[in-house]
Structures are given as structure tokens and as C-alpha cells.
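*Asks:* no sequence for this one, just the structure:
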DNA sequence: AGGGGTACCTGCGGGC
DNA sequence: TGCCCGCAGGTACCCC
């Protein structure tokens, strides 16, 4: 589910709720212990009594930093929402069959982690550099110093179709299925075009359209589709779904559904598979 | 090395 | 109605 706009929206709500607040307790329910990479009792030992010092985003990954004020020691964790994770800020432990764990703050607020499919992760690390997936991550697509030239270099190295190359988080981080579909459509490029066929002009257009779409999606607090699975930490749904041009439009006669790497890809019939520019 | 297929888990909607 | 299949916004791992 969540891609860059949903993760960034989540972080923007969580930051003011978490930063500087002492964690009084951590509880789990509905098999929520499975989200952690160490035994739950150890998670509790480590995190209780700390306060959140930082929360940042890299691609779709969430980087947590906690501080133990007494020992003056640092604790780091890497979180991922995967397909169905979301956080919900409340004054109680939300009654929900998918409420997996809860961060209880000294001020009475409770951060609930809800995840239908339980793919999401909350892994403690010695250092962010040691985290395999983070270490392999390419530049964040919204990073100010990421350029169209870099995107061009990244894409032309692979013979993968553009669709797969843009999903590849080691080339550029942050895009998922929805925003890749929308970006390719807006840029007028066919998902099956080989990455190595990209031109500098096309890479520039791709980056410009991706950033335009992501920025708009951010303003609209992300995309919520089936079952309201994605909600921001205040429980509101993202409004970008109404802006989608191709993603999920399987009943639109102007949109063709392809299968690439086992996933559904939506192409407008105006988008020609001729790979010239 | 890179790329494809599959697994992880739960629930929903469509077709029969 | 009810069952079975396919599908869902992501990544990790195995295999060639």
C-alpha cells in the first residue's frame, strides 16, 4: 500500500506526536510481536523509558531514533509499512482486529500500529548503515540533490522495462506501483520500454512528472483505495485516488492492463509502445 | 550479476 | 448461498 506520499504523510503526523515524548510502555496484540526482529520482551526493555529524538524517511523506509536520557544511549529502528501498515494516534488502544502493537506515551497518547497483512516491519539496528535494504537503497526521488542525469544513468544501465526499473528501489527510492503507473502515463512513456533505451530528455521528463505527481499526492495526503486500508495517523483517508489517470482503471476502455513481473500495469491506449522520442 | 518466480499474510470481490 | 480463485499500494529470498 503505502508509497512515498503515504509514508511521508504518516511521518509528518507522527513527528509532533512522538518527538521528545517519553515512552511509558509498549504493548502488542493480535500476534503483533512478529513485526519485530528481536524477542518482544527485549523490545520492551530497550524502548521503554526512551524518548523519540528523530523520525526520518528514506524512500518508503521510516528511520526512528530513540534516546535513553538516563544512560544517554541511542536506540535506532527501521520501520516499513509494506502493503497494509498504518499508524493511528489516539488516547486509547484502538479496538481493531489488526491492531498489532501500541506505543504508550507518558502524556497519555497511544500510537497504534495497525496492519492487516502483517508484512510491516519494525527492526532494531546498531546503525542504519548496517541495514541491508537501507544500504542498497538508491537516492530518494525527492532529495534535492538527485538529478535527472542521475536518473538517466540509473535507468540506462538496465534492460529491465522502465516500469520495473522505476520500482527498483536501488535505482531510485520511493516509487511504488501506483505512482510508477501515473508517472509513466504523465510522461507519455510506455512501461515496457527498456531502461537502456531511455534518452536524457525522457529521463528529465520522468523525474519532473514523478515529482509533480508525488508533490500533489502529498498535498492530498496520499492515495486510499480498497477498504480504506490506508489512513493517516489521524484516521483520514488520502484524497489522491480521485486524481488517478490510469492506475486501477481496468474498466476504462481506453486503458489496457498489462502484466509485468506478476503485477498489474495500466497503460492508456494513447501511450505508444514505440520507443522513440 | 541480474532477473524471474514465489513466499510472506489476510481479506475481499467476482465467477460459477 | 457458498466455495474457489485471483488479486491487493512491497520486499526478501531462492534459483537459474
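*Replies:* All right, it came through fine. This is a predicted model, so every value here is computed, not measured.
*Asks:* tell me which parts of chain A are close to DNA strand B?
*Replies:* Applying C-beta under 7 Å from any atom of the strand, we find that chain A lies next to DNA strand B at A:31, A:97-98, A:116-119, A:158-160, A:164, A:226-227, A:261-262. In short, each C-beta sits where N, CA and C put it, glycine included.
*Asks:* can you rerun that using 6 Å?
*Replies:* With the criterion set to C-beta under 6 Å from any atom of the strand, chain A comes near DNA strand B through A:97, A:116-119, A:158-160, A:164, A:227, A:261-262.
*Asks:* and these, which of them are buried?
*Replies:* A:116, A:118, A:158, A:160, A:164 (16 or more other C-beta atoms under 10 Å).
*Asks:* determine which two of these are furthest apart.
*Replies:* A:116 and A:158 (32.8 Å; C-beta to C-beta).
*Asks:* which ones among the buried ones among the residues of chain A next to DNA strand B map onto strands?
*Replies:* The members of those all map outside strands under DSSP state E.
*Asks:* got the residues you listed as a markdown table, with pLDDT columns?
*Replies:* Shown next, in a markdown table, are those (pLDDT from 0 to 100):
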| residue | pLDDT |
| --- | --- |
| A:116 | 96 |
| A:118 | 97 |
| A:158 | 95 |
| A:160 | 95 |
| A:164 | 97 |
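*Asks:* dump those residues into TSV; add distance to residue A:205 as well.
*Replies:* As requested, these are exported to TSV (distance: C-beta to C-beta, whole Å):
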residue	distance to residue A:205
A:116	36
A:118	39
A:158	18
A:160	19
A:164	19
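*Asks:* for these, which one is nearest residue A:64?
*Replies:* Using C-beta to C-beta, those come closest to residue A:64 at residue A:118, 19.2 Å.
*Asks:* so what's the closest one closest to, chain neighbours aside?
*Replies:* Of all residues not flanking residue A:118 in the chain, residue A:34 sits nearest, at 6.0 Å (C-beta to C-beta, 6 or more residues apart in numbering).
*Asks:* and that neighbour, how many neighbours?
*Replies:* Counted with other C-beta atoms under 10 Å, residues neighbouring residue A:34 total 16.
*Asks:* so how far is DNA strand C from it?
*Replies:* Separation of residue A:34 from DNA strand C (C-beta to the nearest atom of the strand, to the nearest Å): 13 Å.
*Asks:* now the closest residue to DNA strand C within the stretch 51-200 of chain A: closest residue in space, sequence neighbours ignored.
*Replies:* For the stretch 51-200 of chain A, the residue closest to DNA strand C is residue A:176, as judged by C-beta to the nearest atom of the strand, at 1.8 Å. Excluding the flanking residues, the one nearest residue A:176 by C-beta to C-beta, 6+ apart is residue A:3, at 3.5 Å.
*Asks:* who's in contact with the one you found?
*Replies:* Residue A:3 makes contact with A:60, A:174-179, A:222-223 under the criterion C-beta atoms under 8 Å, 6 or more residues apart in numbering.
*Asks:* rerun at 7 Å
*Replies:* A:60, A:174-176, A:178-179 (C-beta atoms under 7 Å, 6 or more residues apart in numbering).
*Asks:* ok, so of those, who is nearest residue A:255?
*Replies:* For the contacts of residue A:3, the residue nearest residue A:255 by C-beta to C-beta is residue A:178; the value is 14.0 Å.
*Asks:* let me see the mean pLDDT of the helix or strand that closest one falls within.
*Replies:* Using DSSP states H and E, residue A:178 sits within helix A:177-187. Here helix A:177-187 scores 98 as its mean pLDDT.
*Asks:* other residues contacting that helix?
*Replies:* Contacts for helix A:177-187 (C-beta under 7 Å, 6+ apart): A:3, A:162-163, A:166-167, A:175, A:191, A:205-206, A:209-210, A:213-214, A:217, A:223, A:244-247, A:263, A:265-266, A:268, A:271.
*Asks:* can you say which of these are buried?
*Replies:* If we count by 16+ other C-beta under 10 Å, the contacts of helix A:177-187 have these buried: A:3, A:162-163, A:166-167, A:175, A:191, A:205-206, A:209-210, A:213-214, A:217, A:223, A:244, A:246-247, A:265-266, A:268, A:271.
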